[in-house]
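>>> Following is a predicted model, sequence given first.
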Amino acid sequence: MEPNPIQPWVTRSASQTSLDPVIEWVGYASKAAEQACRIAGVLTLWRDLNAREVTTADMADAITLADFYLTEAARLSDGAKVSAEIERAEALRKWLVVRWPEPDILLRDVMHDCPICALREGPKARAATALLVQYGWLVAHDPQTVVGGTPRKEVWRIVRPNIAVRSPCVFGRIGRGRHTPT
């Protein structure tokens, strides 16, 4: 090996901060040094099949590739995450369809009776109901619709599926088993 071919890796590691997104990927990033060394070996042999040592330049290129792969893994994983807002709306939908006995729901009912603690706050409850309206699981009544003898501003009719099998996620097309509200 060249004198100190891993110096680029040491320099790279020393420059990382806690704000570096790769740092949060301990499961993947913990193997990055090994992967960079393997890549450096392949690059060395690709450059010269009879090479006897890994050069600093090959190691630096390997680190660049390893960083790229880690960044791509982080990007793809972040894109696959479901937002907390969607999770709350889906939990509310399941609760409404399975547990709520009435055909209509008031925002006040969501905030007081729903077992999802996060929906006790008005803005979060409104956001969840807005998503359910957007995806067709709630239908807004006209303002001042009378429910329980009182005119209400925020009241929705619950759209219940008419099939026994329910999809695990209604906020995206997930294949043949996806049902649509009627």
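That came through fine. Quantities reported herein were computed from a predicted structural model and do not represent experimental measurements.
>>> which element is Ile63 on?
helix 56-80 (DSSP states H and E).
>>> same thing with Ile105?
strand 104-106.
>>> helix or strand right after that strand?
helix 107-113.
>>> Pull out the buried residues from that following helix.
Neighbour counts using 16 or more other CB atoms under 10 Å place 107, 109-110 of helix 107-113 among the buried residues. To be clear about C-beta, it is placed using only N, CA and C from the backbone, and glycine gets the same treatment.
>>> could you measure Ala74 against Val97, distance?
35 Å (CB to CB, to the nearest Å).
>>> Could you list the residues in contact with stretch 76-88?
Contacts to stretch 76-88, defined as CB atoms under 8 Å, 6 or more residues apart in numbering, come from residues 116, 118-119, 124, 127-128, 131, 171.
>>> hang on, I meant stretch 95-113
So stretch 95-113 is contacted by 92, 114-116, 119-122, 125-126, 128-129, 132, 137-138, 141, 147, 152, 154-158, 160-161, 166 (CB under 8 Å, 6+ apart).
>>> Try it again at 10 Å.
92, 114-116, 119-122, 124-126, 128-129, 132, 137-139, 141, 145, 147-148, 150, 152-161, 166, 170, 181 (CB atoms under 10 Å, 6 or more residues apart in numbering).
>>> picking that back up, so how far is the strand holding Ile105 from its chain's centroid?
How far strand 104-106 lies from its chain's middle: 29 Å, per CA atoms, centre = their mean, to the nearest Å.
>>> One more: stretch 152-162?
Relative to its chain's centre, stretch 152-162 lies at 28 Å (CA atoms, centre = their mean).
>>> quick one, strands of the chain?
Shown for the chain, the strands assigned by DSSP state E span residues 104-106, 138-140, 145-147, 150-152, 155-158.
>>> how about CSV for the ones you listed, with mean pLDDT and mean neighbour count added?
Formatted as CSV, those follow (pLDDT from 0 to 100; neighbours: other CB atoms under 10 Å):
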stretch, mean pLDDT, mean neighbour count
strand 104-106, 92, 20
strand 138-140, 94, 17
strand 145-147, 84, 13
strand 150-152, 87, 13
strand 155-158, 92, 19
